[in-house]
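[1] predicted model and sequence below, questions to follow.
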Protein chains: 2
Amino acid sequence: MNPPSDVPSTDLSTALNTVQWNQDGLVAAIAQDATSNKILMMAWMNRDALTASIEQGEAVYWSRSKQRLWHKGESSGHTQKIISIRLDCDADTVLLFVEQHGGIACHTGRESCMFREFDAQSTSWIEIDSPLKDPADIYG
Amino acid sequence: MNPPSDVPSTDLSTALNTVQWNQDGLVAAIAQDATSNKILMMAWMNRDALTASIEQGEAVYWSRSKQRLWHKGESSGHTQKIISIRLDCDADTVLLFVEQHGGIACHTGRESCMFREFDAQSTSWIEIDSPLKDPADIYG
């Protein structure tokens, strides 16, 4: 017997199997602010991270440096509530629309990690956004 | 003697050396529509691709499948005029703000490659955007 139609299936395996995990078992994950549409950051997810993100409704990434699941905001409090998740045409990138708690996604204390812009005149990267909060106050 | 300050330096090497190229010599490159702020696609650039993008003012990626430089739109005509280029905090992702020629970034004929959304009820990916043009008409 099929479950009643108002009970969502909890079997994520088909959706997870659609994702084209790379040779390290990862998929690129872009976080975009659902209100401002600013790109906040780019990180990576493995199967467990995407599963946790879906189940918890908050962004959980795979930290390549720490080699463990990384619940975004676990140290800073700057969690990301997931509004929706997109998958791209070749299924190797996910896009998260998020509400960024505290308005700060970057470990430098900035709203977004994308705070350097290429300046053609000087052929150099210029910081165009300032920290909203001192990282020492975030992680101290 | 230093060059006059109104003559831009053409030496990109310092800016390119700031980028943290991965073990394959690549950096993730996100293209965002400069007007709508929609994420159009995610691809990869090597040093030559980023150099070409800066010099030509149009997005040039590194095709991992074809293992060659890929001037976006070379087959479809759907070029991307670069408005600005950002670099993230750990310098392994660039963000291009672009004007998408033809309004179609995806090889499926859609505006954006991010056209599938996770549906919690059915735990499946749902196509939420339709092609604007038949790919056969784009590439035929």
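    Cool, the structure landed.
[2] C-alpha only now, for contacts and for neighbours.
    Fine.
[3] which residue lies closest in space to the residue nearest the centre of chain A, excluding its sequence neighbours?
    Central residue of chain A (Cα atoms, centre = their mean): A:Ala31, 4.2 Å from the mean position. Nearest residue to A:Ala31 in three dimensions, chain neighbours excluded: A:Leu96, at 4.8 Å (Cα to Cα, 6 or more residues apart in numbering or on different chains).
[4] ok, the one you found - contacts?
    Residues near A:Leu96 by Cα atoms under 8 Å, 6 or more residues apart in numbering or on different chains: A:29-32, A:82-86.
[5] if you look at stretch A:108-127, does any of it touch chain B?
    Yes - applying Cα under 8 Å from any Cα of the partner chain, one finds stretch A:108-127 touching chain B at A:108, A:113-118, A:120-125.
[6] looking at these, spot the one nearest B:Met41.
    Minimum separation from B:Met41 among the residues of stretch A:108-127 next to chain B (Cα to Cα) is found for A:Met114, which lies at 16.4 Å.
[7] my guess is the closest one contacts A:Gln32, does it?
    No - when contacts are counted by Cα atoms under 8 Å, A:Met114 is not listed as touching A:Gln32 (11.3 Å).
[8] quick one: A:Ile30 and chain B, what's the gap?
    Distance of A:Ile30 to chain B, given as Cα to the nearest Cα, to the nearest Å: 9 Å.
[9] so where's chain A shaky on pLDDT?
    Filtered on pLDDT under 70, chain A yields the residue ranges A:1-10.
[10] check the secondary structure at the residue nearest to A:Ala31 for me.
    strand (DSSP: H, G, I helix; E, B strand; the rest coil).
[11] who are the packing partners of the longest helix anywhere in chain A?
    Looking across chain A with DSSP state H, the single longest helix is helix A:47-56. Applying 3 or more Cα pairs under 8 Å, 6 or more residues apart in numbering or on different chains; DSSP states H and E, we find helix A:47-56 packed against strand A:60-63, strand A:68-71.
[12] most neighbours per residue, which of the ones you listed?
    Highest mean neighbour count among these (mean count of other Cα atoms under 10 Å in any protein chain shown): strand A:60-63, with a mean of 23.
[13] ok so, going back, overlap in contacts of A:Met114 and A:Gln32?
    Counting by Cα under 8 Å, 6+ apart, the common neighbours of A:Met114 and A:Gln32 are A:39-41.
[14] and the residue nearest to A:Ala31, what are its bridge partners?
    Beta bridges link A:Leu96 to A:Ala31, A:Ile85 when assigned by DSSP bridges.
[15] considering the residues of stretch A:108-127 next to chain B, which possesses the most neighbours?
    Sorting the residues of stretch A:108-127 next to chain B by how many neighbours each has (other Cα atoms under 10 Å in any protein chain shown) puts A:Met114 first, at 26 neighbours.
[16] which non-adjacent residue is nearest it?
    In space, A:Met114 is closest to B:Asp88, 4.2 Å off (Cα to Cα, 6+ apart).
[17] for the one you found, list the residues it contacts.
    B:Asp88 makes contact with A:41, A:113-116, B:94-95 under the criterion Cα under 8 Å, 6+ apart.
[18] same deal with A:Val98?
    Contact analysis of A:Val98 by Cα under 8 Å, 6+ apart lists A:31-34, A:80-84.
[19] and which of those is nearest A:Pro131?
    Among these, A:Asp33 lies closest to A:Pro131 (Cα to Cα), at 17.3 Å.
[20] near that closest one, how many other residues are there?
    Using other Cα under 10 Å, A:Asp33 has 23 neighbouring residues.
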